[in-house]
Each structure stands twice: as C-alpha cells, then as structure tokens.
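A.B. asks: sequence? don't have it. structure:
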C-alpha cells in the first residue's frame, strides 16, 4: 500500500505517518510539507523511519504533479486556527488557499491516481451560535449544559454528533473545512473515489506545536511549567469552559481501519474526539497542572473572544458503530505525556510558537 500524507511534518501528520509504518511495515509512506509552521522542520527526521519527505506546498498544483502515485491520500495540511483570517496572523486569502484550494489540488491528484481520500476535518464545522447560547450550569469546576432545557438536533449528554447544525456562522476557518468536506464527497461520487472524513476535536500529545489555537491542552501545560502568562478568556473569566481531547495515536488507529476498507459505508463523515470521559475545563486543567508543577497565577480576562464557545464535547458513537473505534488513551496519560515532554524541552514554546 502506498500512502501519501500532506502536512507530514506537522504534529498530527508525522504521528500518523509513523503509526502507519509501524502497523504496515511493507507500506510505502511519503508526504509533502512546506515547513511554514515553526517546529515542523524537526519532523524531517521521518526518513529514519523509512518515510519519504518532499518539500512542497499543496496550494501549488505543480508541486503535486511529479509526486509518486498513491493508493490513499491523507490530508493533514491546514491552517488550524479558528481565528485564522481575522486575527492578523493569516489573511483571509492565505486561509482559503491553504484550507480549500489546497484540498482542490489534492483531490485532483486523487482523481489522476484513482486514490482514496481521507480528510482530517474539524469540530469547528458546527454552528457557533447555538453552542454559544447553550443554557449552562456550573457543576464542580466546569460548565455543564442543562440538557432538560435543550432541544437541538445532534446534541445529547454524550456530546455533539454529526447531525448538529452546520449553519453559519462557523468561522472562516470552519467554512473552509466544511467546503473541503463537500468537495471531497462530490469528487468521491463523481469519480468513484473512496472518501472518509474525520471531524477531529482537540488533538493533544507530546511534540504538539506551541500555540493555544493548535492545542490548548499542550499549550497550557508548557506555559504553566515555564511560568508564562495564562488567562481565562471570556465566560466570566473563571475557566469553566470545557473541551475534550484525543491523542493522535488513537486517530491513527481509526485511519488504519479506513485505509484497509474502501467499501461503501452508511456514513462517510465521523466525529473523532475523546468524548465526555476525556473532557476537562480550563480550571480543572489548571488544578491538574498545579499538582504536577506547582502553583501559577492565571488572570481573568472578562472580554469574550470571537468564535469561542463554552462547551464542546464530541460524541464519536458513529465511529464506534462503523469502525469499531474508540479512544484508548486516557486524558490523564495524555497530560502526563505532555508534562514529561515539557520537562525535557523547556524552550518548546519559543521553538514552535
């Protein structure tokens, strides 16, 4: 099997590449990366695992023209911030070219190679307004939706499932990923290409690049350990907002199942997240980190930030039903892995932010 991974030098792309090579030692794994994100150059050592790396950019169609043919393409290349396009770090055109036009070029490659396509999408394709307006109560140190008052399709005590609304606004970032999903499904139908779409929640683990938008759990632990300023932003400045986390190794196990199966399935889109058992509020994360590294002051920022939501937990029941998948790594083990990495790499935020 020949597997081509875009964004192969990123945190997620590199983890998936290594796991595929480990599980399928006779496979040929290669990938493309433009090394534009700080920290990605450190993963060029993938060659030591027998993985080939090509320097290139998915936005440039000619960069894909002379690559070897593949059986499957995994698209892990993206600007991964919900604030992209509005925070002055990336322009709207950069966001659209990376996250949407890059996908078009990859799908054209799939058509030429008759290759299957796996898109790593995001939970941020779900509508912001109903999530920001959820009736909430505080239990212990976290927000909990008052589910008895909520009548929203796709929302239950198990979390948000694939039937939840995709109505605008979903952010410019979410819109580029949702448009990529739609195009991928249409290419699949038009050209007989197997397509699987994984809507990922927060992915977390050692070696994650150092910005809050790319992984709040990793950023928080690293920043706490080295004494950098931290803030509870919005929602009263208490840190009650909740997210769930999933390790990229668990995501890779799902992808391995998908690589082995190009047959028709009842659904081609699945949530991939830690779920309620792997969820935590920022305040709870602070408690865990203080027990691990000692006390640290977190300031309150009462200003609500655009696109932020108070509660997001993914319900991955569909992935369990279709692919017999569920996350195996506990949240505590993920945080401990990050903490150990922070101890061994005290300058990680400076190197990768």
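C.D. replies: Sure thing, it's come through. From a predicted model like this one, the values you see are computed outputs, not experimental measurements.

A.B. asks: my guess is residue 35 meets residue 42, correct?
C.D. replies: No: with the criterion set as C-beta atoms under 8 Å, residue 35 and residue 42 do not qualify as a contacting pair; they are 9.9 Å apart. Backbone N, C-alpha and C define where each C-beta goes, glycine included.

A.B. asks: overlap in contacts of the two?
C.D. replies: When C-beta atoms under 8 Å, 6 or more residues apart in numbering defines a contact, the residues bordering residue 35 and residue 42 alike are residue 9.

A.B. asks: look at the two and report which has more neighbours.
C.D. replies: It is residue 35, of residue 35 and residue 42, that has more neighbours when counted by other C-beta atoms under 10 Å, with 17 against 14.

A.B. asks: in contact with that one, which residues are there?
C.D. replies: Contact analysis of residue 35 by C-beta under 8 Å, 6+ apart lists 9, 41, 44, 55.

A.B. asks: what does residue 282 give?
C.D. replies: With contacts defined as C-beta under 8 Å, 6+ apart, residue 282 is in contact with 216, 220, 232, 239-241.

A.B. asks: neighbours around the residue lying closest to residue 128 once chain neighbours are set aside, how many?
C.D. replies: Using C-beta to C-beta, 6 or more residues apart in numbering and skipping residues adjacent in sequence, the residue nearest residue 128 is residue 169, 5.2 Å away. By the criterion of other C-beta under 10 Å, residue 169 has 13 neighbours.

A.B. asks: contacts only, for residue 169.
C.D. replies: Residue 169 makes contact with 127-129, 307, according to C-beta under 8 Å, 6+ apart.

A.B. asks: assign it to helix, strand or coil.
C.D. replies: Assigned state for residue 169: coil (three-state reduction, DSSP: H, G, I helix; E, B strand; the rest coil).

A.B. asks: against residue 216, how distant is it?
C.D. replies: The spacing between residue 169 and residue 216, counted by C-beta to C-beta, to the nearest Å, is 21 Å.

A.B. asks: got any ranges where the protein has weak pLDDT?
C.D. replies: Per-residue confidence for the chain (pLDDT under 70) gives no ranges below the cut-off.

A.B. asks: what ranges do the helices span in it?
C.D. replies: Counting by DSSP state H, the chain forms helices over residues 11-23, 61-65, 92-96, 102-113, 128-132, 171-191, 216-225, 248-259, 282-293, 317-323, 331-344, 348-352, given from the N-terminal end onward.

A.B. asks: pick the most deeply packed of those helices.
C.D. replies: When the helices of the chain are scored by mean count of other C-beta atoms under 10 Å, the highest mean neighbour count falls to helix 216-225 (a mean of 24).

A.B. asks: what's that helix packed up against?
C.D. replies: In terms of contact count using 3 or more C-beta pairs under 8 Å, 6 or more residues apart in numbering; DSSP states H and E, helix 216-225 is assigned the packing partners strand 230-233, strand 242-246, helix 282-293, helix 331-344, helix 348-352.

A.B. asks: how many neighbours does residue 167 have?
C.D. replies: By the other C-beta under 10 Å criterion, the neighbourhood of residue 167 contains 11 residues.

A.B. asks: could you find the closest non-adjacent residue to it?
C.D. replies: For residue 167, the spatially nearest residue (C-beta to C-beta, 6+ apart) is residue 127, at 4.5 Å.

A.B. asks: if we can go back for a sec, JSON lines for the helices of the chain, including distance to residue 84?
C.D. replies: Rendered in JSON lines, the data for the helices of the chain read as follows (distance: least, C-beta to C-beta, whole Å):
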{"stretch": "helix 11-23", "distance to residue 84": "17"}
{"stretch": "helix 61-65", "distance to residue 84": "21"}
{"stretch": "helix 92-96", "distance to residue 84": "5"}
{"stretch": "helix 102-113", "distance to residue 84": "13"}
{"stretch": "helix 128-132", "distance to residue 84": "15"}
{"stretch": "helix 171-191", "distance to residue 84": "5"}
{"stretch": "helix 216-225", "distance to residue 84": "16"}
{"stretch": "helix 248-259", "distance to residue 84": "21"}
{"stretch": "helix 282-293", "distance to residue 84": "22"}
{"stretch": "helix 317-323", "distance to residue 84": "26"}
{"stretch": "helix 331-344", "distance to residue 84": "24"}
{"stretch": "helix 348-352", "distance to residue 84": "17"}
